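**Q** Provided below for reference: sequence and predicted model.
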Amino acid sequence: MKYNKEKTIKCPECGWEYLPAEIYYPNSFLGKPRQINKEYITGRIIDYMGNNMNLSETFICDNCGTNFRVNAIINFNTQKTSEPNYKTKLKKEKLFLAES
């Protein structure tokens, strides 16, 4: 088991530590987009229906009872991987033999 101090949330009053999963609700945190409309050529998102990400949450400390707010700051970094792209064939290929 690995303890990563950077990923904990501390009560501002007593310093009691929490993991993000103890405070944030996954569906609320990540949002729930539906009907996402994108540009056909560029893939840019034009608009969508549903809920956006909720990065702010209030919580009451289990240890001292202090009510506090947590604001998450999220960064998304992408990088190309060297793993091959796998394609799934939906139809079985047919084998043809030429007659001579």
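**A** Looks like it arrived, so ask away. Numbering: from 1, shown residues only.
**Q** hey, let's count contacts and neighbours off CA atoms from now on
**A** OK.
**Q** quick one, phi/psi of the residue nearest the centre of the chain?
**A** For the chain, L30 is the residue whose C-alpha lies nearest the centre (CA atoms, centre = their mean; 5.6 Å). Note on L30: backbone dihedrals following degrees, to the nearest 10 are phi -80, psi -10.
**Q** from here on, call the first residue 876.
**A** Taking 876 as the first residue, the last one we looked at is L905.
**Q** quick check: closest non-adjacent residue to it.
**A** Excluding the flanking residues, the one nearest L905 by CA to CA, 6 or more residues apart in numbering is M928, at 4.8 Å.
**Q** enumerate every residue touching the one you found.
**A** If you count contacts by CA atoms under 8 Å, 6 or more residues apart in numbering, M928 has them with 903-907.
**Q** can you tell me how far it sits from Y900?
**A** The gap separating M928 from Y900 is 11 Å, by CA to CA, to the nearest Å.
**Q** show me where pLDDT drops low in the chain?
**A** Along the chain, segments meeting pLDDT under 70 span 876-881, 960-973, 975.
**Q** swap the cut-off to 90 and go again
**A** 876-882, 896, 899-909, 911, 915, 920, 923, 925-929, 949-951, 953-975 (pLDDT under 90).
**Q** who's K885 bridged to?
**A** E892 (DSSP bridges).
**Q** hang on, it packs against Y893?
**A** Yes: with contact defined as CA atoms under 8 Å, K885 and Y893 form a contacting pair (6.3 Å).
**Q** what residues do those two have in common as contacts?
**A** Counting by CA under 8 Å, 6+ apart, no residue touches both K885 and Y893.
**Q** please enumerate the strands of the chain.
**A** Using DSSP state E, the strands found in the chain span residues 884-885, 892-893, 907-913, 920-926, 931-935, 942-946.
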